[in-house]
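Peer 1: Provided below for reference: sequence and predicted model.
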Amino acid sequence: MTDGFKGLRVYNTLTRAREDFVPFDADNVRMYVCGPTVYDYAHIGNARPAIVFDVLFRLLRHLYGADHVTYVRNITDVDDKINARARRDYPALPLNEAIRAVTEKTADQYHADVAALGCLTPTIEPRATEFVLPRTDGLTDMASLIQSLIDRGHAYEAKGEILFDTESMPTYGGLSRRKLEDQQAGARVAVEAHKKNPADFVLWKASSPEEPGWDAQFTIAGAPLAIRGRPGWHIECSAMSAAYLGEVFDIHGGGLDLIFPHHENEIAQSCCAHGTDRMARYWMHNGFLQVEGRKMSKSEGNFITIHELLATEKFGGRSWSGEVLRLAMLMTHYREPIDFSVRKLEEAEAVLDGWYRAVGDLAVDGGDCATVLAALCDDLGTTGAIAVLHELRGEAAKGNEAARAALKAGAGLLGLLPSTESDWFAAKASGADIDTGAVDALVEERLRHLREKNFAEADRLRDELTAQNIQLMDYKDPETGDRRTRWEVKR
Ligand SMILES: Nc1ncnc2c1ncn2[C@@H]1O[C@H](COP(=O)(O)OP(=O)(O)OP(=O)(O)O)[C@@H](O)[C@H]1O
Ligand SMILES: [Zn+2]
C-alpha cells in the first residue's frame with residue numbers, strides 16, 4: 001500500500017482518469033476550491049460545488065483526521081460586477097464604502113445559506129482584497145506573483161495592462177487540452193490589438209480615477225512602473241492558494257465551467273511564477289445544475305437563489321429545508337448534470353423522512369459506516385452511499401439496532417444528520433404524545449389494504465388517523481416505484 005493512500009479514488013480532470021488519492025503529506029491534506037464572487041445572492045447552482053466539496057472535506061477529515069485537512073475557499077470581493085452593483089445600490093456612499101457594503105452583506109448571506117445546507121466552514125476563507133499588495137506577514141500576494149512572472153519572462157506590459165504571455169509557456173492548455181494554435185486558427189476571439197496572442201490574459205489592469213484601485217509598483221526591464229489598478233480574475237486564486245497551501249498542493253476544485261479559462265490560467269500563473277511543473281495534483285470539477293437541460297446561471301435568468309428555496313414559496317409553492325436541498329443534490333453523482341425540479345426535492349424529502357423516522361431520537365452512536373465509506377471512496381459515490389443508507393433504513397425499521405446506528409453514522413458522513421431545530425424535530429416535538437409505533441402499524445396496515453385493493457378499509461384507516469390529527473401523504477418509492485406513505489402531525 002502506498003503511503004498516505006486510504007482507499008480514496010478520485011477522477012482527475014488533469015489526466016481524465018480515476019486515480020488513487022495520495023496526498024503529499026498525510027498529516028496535512030490540502031484542498032483549494034474557488035469560492036463565490038460576492039455581489040448577489042448565490043443561486044442553487046452555486047450551491048453545488050459548496051455541497052460537493054463539503055462532502056469531500058468531510059470524507060478527507062474522516063480518513064486523515066479532522067486536524068489534518070486544510071480546506072481553503074476564497075471570497076472574491078474584487079470584480080467589476082461588484083463595482084457596478086455598489087454604484088447601483090448605494091449611490092450616496094463613496095465607492096469604496098459602497099463596495100464594502102455590497103461584499104459584506106453578500107458574504108454574510110452566502111455563509112448563512114451554505115450553513116443551512118449543512119456545509120462546514122472551510123479551514124480558511126481568505127478575501128481577495130487582502131491579498132492584492134505585499135503583506136506585512138509575508139504571505140504570497142498578487143502583486144509579488146505578477147512581479148515574479150515579469151522577472152521570469154512570462155508577462156509583459158501593454159496599454160496600462162500587464163498580460164500573461166501564453167506563448168512563453170510550452171505546456172499552456174494542458175488542463176483543458178486546448179492548443180494555442182487552435183485558438184489562433186479559430187479566430188473567434190478577436191485579437192485585441194495590444195495582445196501578442198489572443199489567449200494572453202490580464203494579470204493587472206489600470207483603474208480610472210473613479211474605479212477602485214491599488215497602488216502597485218512593478219519593475220519591468222530594470223525600470224520602475226507604478227500602475228494604480230486592480231487584479232485580473234485569475235491571479236487571486238494563484239496568490240491565495242500559495243499563501244495557505246504552498247506552491248504545489250493536493251486538490252483543486254470548482255465547477256466544470258472553471259476549467260477554461262480560469263483554472264487553466266491559474267495553473268499558468270502558478271507554475272510559471274514558482275518554476276513548478278504543476279499547481280495541484282488532483283483537479284476535480286462538479287457538473288452543472290440545470291433547468292430544462294440548460295445550465296442554471298445568472299446570465300440566462302433561469303436561476304433561483306438558495307435563500308428563495310429556504311425562505312420563500314417561490315419554487316413549487318412552498319419552502320424547502322436545507323437537508324432536502326442537500327440530499328437532492330447528492331442523489332446525482334457530482335460529475336453528472338442535475339436537472340433541478342420540484343419532483344426531485346419531493347423525492348429527497350420522502351427519503352430523508354424515512355431515514356429520520358428510522359434514526360428516531362438520534363440516541364444511537366458509534367455506528368459502523370464502512371459500507372457508506374466504501375461508496376464515497378469511489379470518486380465520491382454519493383448515489384451508492386444513499387442506496388446503502390436506504391437498505392439500512394429498511395433493516396432499522398425492522399428493529400435492527402446496528403443498522404440504525406450505521407444509518408445515523410452514514411448520514412452524518414454525508415452531512416445529513418438533521419440539526420436539532422430542523423423541521424423534522426419540530427414536527428416530532430408537536431406530536432410528542434403520539435404513539436409513533438401504533439401510527440406506523442396503522443399506516444402499514446392501510447398500505448396492505450391498498451395493495452389488496454380493499455379501498456374501503458384503507459379509507460377507514462385514513463379517517464381513523466385523521467381523527468387523531470395525523471396527516472398521510474402517499475408517494476412512490478424513488479427506487480422501486482412502490483407506493484409508500486409518510487405521515488406527520490397536523491399543526
Ligand atoms: N449551474 C451551475 N451548476 C453547478 N455549478 C455552478 C453553476 N453555476 C455556477 N457554478 C459554480 O459556482 C461557483 C461560483 O461561480 P460563479 O460565482 O462564477 O457563478 P456565477 O457567476 O453565478 O455563474 P453564472 O453567472 O453563470 O450564473 C463556481 O465553482 C461555478 O463553477
Ligand atoms: Zn479560482
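Peer 2: Noted; the coordinates are in hand. Residues are numbered from 1 along each chain as shown. Ligands and ions are numbered 1, 2, ... in the order given.
Peer 1: The residue in the stretch 201-350 of the chain that ligand 1 sits nearest to: neighbouring residues, count only.
Peer 2: Residue nearest to ligand 1 within the stretch 201-350 of the chain (CB to the nearest ligand atom): residue 255, separated by 1.9 Å. Just so you know, the C-beta spots here come from the backbone N, C-alpha and C atoms, and that holds for glycine as well. Neighbourhood size, residue 255 [other CB atoms under 10 Å]: 20.
Peer 1: For it, give me its contacts.
Peer 2: Taking CB atoms under 8 Å, 6 or more residues apart in numbering, we find residue 255 in contact with 45, 48-49, 285-286, 288.
Peer 1: any chance you could read off phi and psi for it?
Peer 2: The phi/psi pair for residue 255 (degrees, to the nearest 10) reads phi -80, psi 160.
Peer 1: next one: residue 201
Peer 2: As for residue 201, its main-chain torsions (degrees, to the nearest 10) stand at phi -130, psi 160.
Peer 1: Surely it touches residue 232?
Peer 2: Yes - between residue 201 and residue 232 a contact is recorded at 6.3 Å, counting by CB atoms under 8 Å.
Peer 1: Need the distance between the two termini of stretch 16-33.
Peer 2: Start-to-end span of stretch 16-33 (CA to CA, to the nearest Å) is 19 Å.
Peer 1: can you pull the buried residues of that stretch?
Peer 2: Of the residues in stretch 16-33, 21, 23, 28-33 count as buried by neighbour count, 16 or more other CB atoms under 10 Å.
Peer 1: related to what we said a few turns ago, from residue 281, how far off is the residue of the stretch 201-350 of the chain closest to ligand 1?
Peer 2: 20 Å (CB to CB, to the nearest Å).
Peer 1: about what we covered before: pick the one among the buried residues of stretch 16-33 closest to ligand 1.
Peer 2: Ligand 1 has its nearest neighbour among the buried residues of stretch 16-33 in residue 33, at 7.3 Å by CB to the nearest ligand atom.
Peer 1: Which parts of the stretch 251-400 of the chain are helices?
Peer 2: With DSSP state H, counting those that start in this stretch, the ranges of helices along the stretch 251-400 of the chain come out as 264-274, 306-311, 322-330, 342-359, 370-377, 382-397.
Peer 1: just the stretch 101-250 of the chain next, same as before
Peer 2: 142-151, 180-186, 235-245.
Peer 1: Let's have those helices in a markdown table, adding mean pLDDT and mean neighbour count.
Peer 2: Formatted as a markdown table, the helices of the stretch 101-250 of the chain follow (pLDDT from 0 to 100; neighbours: other CB atoms under 10 Å):
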| stretch | mean pLDDT | mean neighbour count |
| --- | --- | --- |
| helix 142-151 | 98 | 22 |
| helix 180-186 | 58 | 12 |
| helix 235-245 | 98 | 26 |
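Peer 1: Ok, which of these comes nearest residue 168?
Peer 2: Nearest to residue 168 among the helices of the stretch 101-250 of the chain is helix 142-151; the distance by CB to CB comes to 9.0 Å.
Peer 1: Just the C-alphas of that closest one, formatted as PDB.
Peer 2: Provided in PDB are the C-alpha atoms of helix 142-151 (Å, rounded to 0.1, in the frame of the first residue of the first chain):
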ATOM      1  CA  MET A 142      -0.900  39.100  -6.200                       C
ATOM      2  CA  ALA A 143       1.500  42.000  -7.000                       C
ATOM      3  CA  SER A 144       4.500  40.000  -6.000                       C
ATOM      4  CA  LEU A 145       3.400  37.000  -8.000                       C
ATOM      5  CA  ILE A 146       2.900  39.300 -11.000                       C
ATOM      6  CA  GLN A 147       6.400  40.600 -10.500                       C
ATOM      7  CA  SER A 148       7.800  37.100 -10.500                       C
ATOM      8  CA  LEU A 149       6.100  36.400 -13.800                       C
ATOM      9  CA  ILE A 150       7.600  39.600 -15.200                       C
ATOM     10  CA  ASP A 151      11.100  38.600 -13.900                       C
END
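Peer 1: Show me how this protein divides into domains.
Peer 2: Using the TED database, the domain parsing of the chain gives 9-286, 289-424, 432-489.
Peer 1: In JSON lines, list those domains along with distance to residue 3.
Peer 2: Formatted as JSON lines, these follow (distance: least, CB to CB, whole Å):
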{"stretch": "domain 9-286", "distance to residue 3": "7"}
{"stretch": "domain 289-424", "distance to residue 3": "17"}
{"stretch": "domain 432-489", "distance to residue 3": "39"}
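Peer 1: quick one: least confident helix or strand in this structure?
Peer 2: helix 423-430 (a mean of 51; mean pLDDT, DSSP states H and E).
Peer 1: pLDDT (mean, whole number) over the helix or strand following that one?
Peer 2: Under the assignment DSSP states H and E, the closest C-terminal helix or strand after helix 423-430 is helix 436-451. For helix 436-451, mean pLDDT is 87.
Peer 1: C-alpha coordinates for helix 436-451, PDB please?
Peer 2: Output in PDB follows, covering the C-alpha atoms of helix 436-451 (Å, rounded to 0.1, in the frame of the first residue of the first chain):
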ATOM      1  CA  THR A 436     -45.400   6.500  16.700                       C
ATOM      2  CA  GLY A 437     -45.200   2.700  16.800                       C
ATOM      3  CA  ALA A 438     -49.000   2.400  16.700                       C
ATOM      4  CA  VAL A 439     -49.300   5.000  13.900                       C
ATOM      5  CA  ASP A 440     -46.700   3.300  11.900                       C
ATOM      6  CA  ALA A 441     -48.600   0.000  12.300                       C
ATOM      7  CA  LEU A 442     -51.800   1.500  11.100                       C
ATOM      8  CA  VAL A 443     -50.100   3.200   8.200                       C
ATOM      9  CA  GLU A 444     -48.600  -0.200   7.200                       C
ATOM     10  CA  GLU A 445     -52.000  -1.900   7.500                       C
ATOM     11  CA  ARG A 446     -53.600   0.700   5.300                       C
ATOM     12  CA  LEU A 447     -50.900   0.200   2.700                       C
ATOM     13  CA  ARG A 448     -51.600  -3.500   2.800                       C
ATOM     14  CA  HIS A 449     -55.300  -2.900   2.200                       C
ATOM     15  CA  LEU A 450     -54.400  -0.700  -0.800                       C
ATOM     16  CA  ARG A 451     -52.200  -3.400  -2.300                       C
END
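Peer 1: who touches that helix?
Peer 2: Residues from elsewhere that reach helix 436-451 (CB under 8 Å, 6+ apart): 357, 455, 457-458, 461-462, 464-465, 468, 470, 472, 483-485, 487.
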